[in-house]
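**Q** Below: sequence and its predicted model.
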Amino acid sequence: VENVRLLDRLSSRRAVVGTLYLTATHVIFVENGSETRKETWVLHSQISSIEKQATTATGCPLLIRCKNFQVIQLVIPQERDCHDVYISLIRLARPVKYEELYCFSFNPKLDKEEREQGWKLVDLNEEYNRMGVPNNYWQISDVNRDYGVCDSYPTEVYVPKSATAHIIVGSSKFRSRRRFPALSYYCKGNNASICRSSQPLSGFSARCLEDEQMLQAIRKANPGSDFIYVVDTRPKLNAMANRAAGKGYENEDNYSNIKFQFIGIENIHVMRNSLQKMLEVCELKSPSMSDFLWGLENSGWLKHIKAIMDAGIFIAKAVAEEGVSVLVHCSDGWDRTAQVCSVASLLLDPYYRTMKGFMVLIEKDWVSFGHKFNHRYGNLDGDPKEISPVIDQFIECVWQLMEQFPCAFEFNERFLIHIQHHIYSCQFGNFLCNSQKERRELKIKERTYSLWAHLWKNRADYLNPLYRSDHSQTQGPLHPQIAPCNFLYKFWSGMYNRFEKGLHPRQSVTDYLMAVKEETQQLEEELEVLQERLANLQKSQSGDNKVKSKQQDRSKQIGLYTSNNSLANTPQEYSNDLKSFPSRSPSQGDEEDSALILTQDNLKSSDPDLSANSDQESGVEDLSCRSPSGGGCLPSEDSGKDSDEAVFLAG
Amino acid sequence: MEFAELIKTPRADNVVLHRPFHPAVEGTLCLTGHHLIFSSRRQDNAEELWLLHSNIDSIDKRFVGSLGTIIIKCKDLRIIQLDIPGMEECLNIASSIEALSTLDSVTLMYPFFYRPMFEVLEDGWSSFLLEQEFELLSSVTNEWRLSCVNKDFSVCPSYPPVVIVPKCIDDEALRKVALFRHGGRFPVLSYYHKKNGMAMMRSSQPLTGTNGRRCKEDEKLINATLRSGRRGFVIDTRPLNVAQQARAKGGGFEQEVHYPQWRRIHKYIERFNILQESFIKLVEACNDQSHNMDRWLSKLEASNWLTHIKELLTAACLAAQCIDREGASVLVHGSEGTDSTLQVTSLAQIILDPRCRTIRGFEALVVREWLQAGHPFQQRCAQSAYSNSKQKWEAPVFLLFLECVWQIHRQFPCSFEFNEQFLIMLFEHAYASQFGTFLGNNENERAKLKLPQKTMSLWSWVNRPEELSRFQNPLYEANSLVIWPSVAPQSLQLWEGVFLRWNRPSKFLEEAEEERINIIKYNKELQAKVNALRRQLAEMETDEAQQEP
């Protein structure tokens, strides 16, 4: 469709005209305009809603909201075209078969072996070994070999050694969807563990001997402690209501030596509505400070984030400081339980704060334990009541921790944002389906690629420059403030206003420090070469002409290298590149802001790989760490790198 | 010495000091004329706390049996608690502190007694003279002149002795204009935008009154800054109805009939007690650790503090935009021209002028646009957020300005030579200091108090290399461009460094700052090493080349 206008949400005057294309996988908008022809790509799977608004004199407006919080407003001249686009998108955005998803057609040009290598990057067996299991207390159980006991659990589950197959199966029959207590995290230092399950089918008075033995076995696996905590992450009222349906929670009297605890995290419906309310606030056109803060409070979003964090903190404290094992459950044990277990693990174990460890953590607590990615993130057309930002909340918890502990994480904010993006994008197979069983049946590993390999390949973009593996913040458990931490939770504009670059800091400290660190590394290498040459030169005072001429050759090349280096990487150039634009706000309440119309549209087309974005604030994008194309790599930097390599080969 | 009379109990033993995030310590409390000194006797880790009496905003006392407790709330927002055994001692100490922290004579303040323990390399009192500023200006334009019309403070008591005005306006005309402006504050040059020759001026409101008085000289003065055929903007920091009401009291605004080349924009900025109340509410919310998430956000909202920040930044952006983007000259004023006016003109300069983002440039800005321009620091900063006095003239005007600078700094973290600590330091010294810089309400009062002769300037201390290094931003790279901040609510944050400073653990954030410094430092060291080696190699190679036949 031609002559479509893409509106800038912030200022209607900044609309651009271009052509809209629909492909099998993407919506593509290409700007008219001779030089730049900026492109905006949106994957169909990212589309969360399409809204056709009333036709106006200028055309028919179409509003596309995306799951990665991008909002696109188009105006299509002909009502008929608009309707066609609308109908097509509604169909395209709601695939009914897995095979329609992008990951089955996406090909990053890797051969079979590379694909297999990619899937092997994260290996959960290795992870359990790293934790120190199997050992004297814990063993791998094969009761779920063919998903015979629980179809949403993985085949390999770690359970206490004293829990026989009979106990496991018995316990599974007493638990919602047969999700019996299994090991999530084991603390090598003091034998305390975090186990997870679903709610017991206790109703008002039912008991199950095997389930009681199961909990007993978990306690025995930690000889240093004479009780375990059972943490029900639901609000007490919800748990009590469940009793009427024959479900419920553990009665302390029936289980020996448990301490039972409610932690009121709301259910997926409350969370879905809360996000919805918060996004409405983010979408407000020029909100006042009060509108914004009031709306943020009213959405309850940060309150929910804090509840999840508090639960994680409670469990981490029990494990690390009291040395007590914890069994966590909610209703089915795949949403709140996953959130809480992974937050607690992250607080406890510095490994999960590394890039690789974080991938492992998501693979362990979310993917393998049957978090229903397909239902929660609406990959296939399904029940809208199943959709809820469960893992988004976990990712935000991580970000909030990063803000409090800037040196504790190996990865940066961009890493989190890109993971969130790909949970919805369906470009990689990792998050397809609702369980390991379904993924095996679909042969995901043979037919799609792994996101982890993709992120790992580009890990340089995702590093936190402040991270040092020998820094005190990277040792041992993190202890976030518990009591007065309300005001430590902040609105995450990098995520929820991700595509409104104008709202973000215009200079990224992370990118700046990364550039400095890269330069430092090159300097280190050069220093080595120079020292070697100096030593050689001093030796060659004896007068070997051949050696000398060789060295002079090299010195020329090094000269080339250094000039490249200074061109490509000096921070000076970094900040000289800054082009500033007035933000939207000075224009408010004042008509004379014609000067606001941008003239320097030197936009580069965004990376289709990430189905990226409409970037309104041109020029500053090189500085923005949120650039979805993976950061502000200047082209000159790349060419500089190439010649560096050549130099070092020659040397 | 009269201080001795005020100190009823100079010393108390077995006092326990409580501070947030520190274990309680036992020690000895001493009171001197200007300080409260607490020192712990623990041998392993001797600790001393020196607190200026003038930093104390309010004190509360309570008793449990014979154990008295004094809670001291400071102007820098810190709260400390002292447990003092003995009711009488405690009462004595409390009343002494109360008396010493509310001395009413300026000349009894600590700056008049402070003797620096450092060598003065440069006298801060003469570091930033308007004459030097003018010299820089005259290298790019000859349209302005220095006027000494106010040399004895008779034309405008709150202006400095010298001001910069358009060249074509003589002193006689200035005197007439002064009579037409509130408090004699006639339009003077605040900032000259070299890029396009546009000027930003500031003044107070014109005294048009209800019958629309006019002053030809005033019109001529501000028209002198316009290019022929171009229009200028008057930014009035009051809403239109307030400006209209001001006419009844003899004030007013520039009317179109008499100023046809000027377009008036009303950009409302709150002042005085509204700001002070907002400040008090915000600090209350930050200190209340009991409430849940929702209450915290609604209290933050109810304080309106961030709304004021947003309004102020928006007005400053607008002024900067008029100058840089519209290529127009600007006149900024409110009523008196000593508060919101200065906030706008100084923030606009942060946005427009890269020099103001350096340490020295920022100091010069504070001197020029706040101290010399007659912001009444002594009145505004007499009390902070814990005071109950509710005086009309107390208001966190300067703090709001500093916070706006911080907000811009946060959005352009590599464009400022100074760091957050520098801004916090200025906040502290504006409210309580050993230096004389922020004493008095204007240059006239400072001259009468003989501050330059009798007290030490803050700048003499800050600009020593040892101190400067603490205030440098490791990420700074000179950025010659205009920087446009975003004023959307999503882009503005609470200034934790000030408001949560005593309520949150800062260790992890400090460690992060240290890492940043180390990364940059290591890089610079390597650069130096590589350069030295390169030079050495080049020399050796030329030597060898010469030796060769």
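**A** Right, received. Where do you want to start?

**Q** would you put the C-alpha positions of the helix or strand hosting B:Leu331 in CSV?
**A** According to DSSP states H and E, B:Leu331 maps onto strand B:330-333. Extracted in CSV, the C-alpha atoms of strand B:330-333 (Å, rounded to 0.1, in the frame of the first residue of the first chain):
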residue,chain,number,x,y,z
VAL,B,330,14.5,36.8,25.0
LEU,B,331,13.6,38.8,28.1
VAL,B,332,12.8,36.7,31.2
HIS,B,333,11.0,38.1,34.3
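
**Q** which residues sit against that strand?
**A** Contacts to strand B:330-333, defined as C-beta atoms under 8 Å, 6 or more residues apart in numbering or on different chains, come from residues B:187, B:190, B:198-205, B:222, B:232-237, B:254, B:262, B:319, B:322-323, B:341, B:344-345, B:348. Any C-beta I mention is one placed from the backbone N, CA and C, and that applies to glycine too.

**Q** how about 6 Å then?
**A** Contact with strand B:330-333 is made by B:187, B:200-205, B:222, B:233-235, B:319, B:322-323, B:341, B:344-345, as judged by C-beta atoms under 6 Å, 6 or more residues apart in numbering or on different chains.

**Q** any idea where the helices of the stretch 301-450 of chain B begin and end?
**A** B:305-324, B:340-352, B:359-366, B:377-380, B:397-411, B:420-431, B:443-448 (DSSP state H, counting those that start in this stretch).

**Q** taking those together, which one is wrapped up most tightly?
**A** helix B:340-352 (a mean of 27; mean count of other C-beta atoms under 10 Å in any protein chain shown).

**Q** packing partners for that helix?
**A** If you count contacts as 3 or more C-beta pairs under 6 Å, 6 or more residues apart in numbering or on different chains; DSSP states H and E, helix B:340-352 packs onto strand B:198-202, helix B:305-324, strand B:330-333, helix B:397-411.

**Q** so can I have CSV of the ones you listed showing mean pLDDT?
**A** As requested, those are exported to CSV (pLDDT from 0 to 100):
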stretch, mean pLDDT
strand B:198-202, 96
helix B:305-324, 96
strand B:330-333, 97
helix B:397-411, 97
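
**Q** Any regions of the chain where pLDDT drops low?
**A** Just going to use chain A. A:8-14, A:34, A:36, A:481-487, A:541-651 (pLDDT under 70).

**Q** try chain B instead
**A** B:1, B:42-45, B:291, B:293, B:548-549.

**Q** Just give me the residue right at the centre of it.
**A** By C-alpha atoms, centre = their mean, chain B has its centre lying nearest to B:Phe398, at 4.4 Å.

**Q** So that one versus chain A, what's the distance?
**A** 21 Å (C-beta to the nearest C-beta, to the nearest Å).

**Q** Check B:Thr225 too.
**A** 18 Å.

**Q** Check for me that that residue belongs to a strand.
**A** No. Checked against DSSP: H, G, I helix; E, B strand; the rest coil, B:Thr225 lies outside a strand; its state is coil.

**Q** could you list every residue that touches it?
**A** Neighbours of B:Thr225 in contact, by C-beta under 6 Å, 6+ apart: B:Ala199, B:Ser329.
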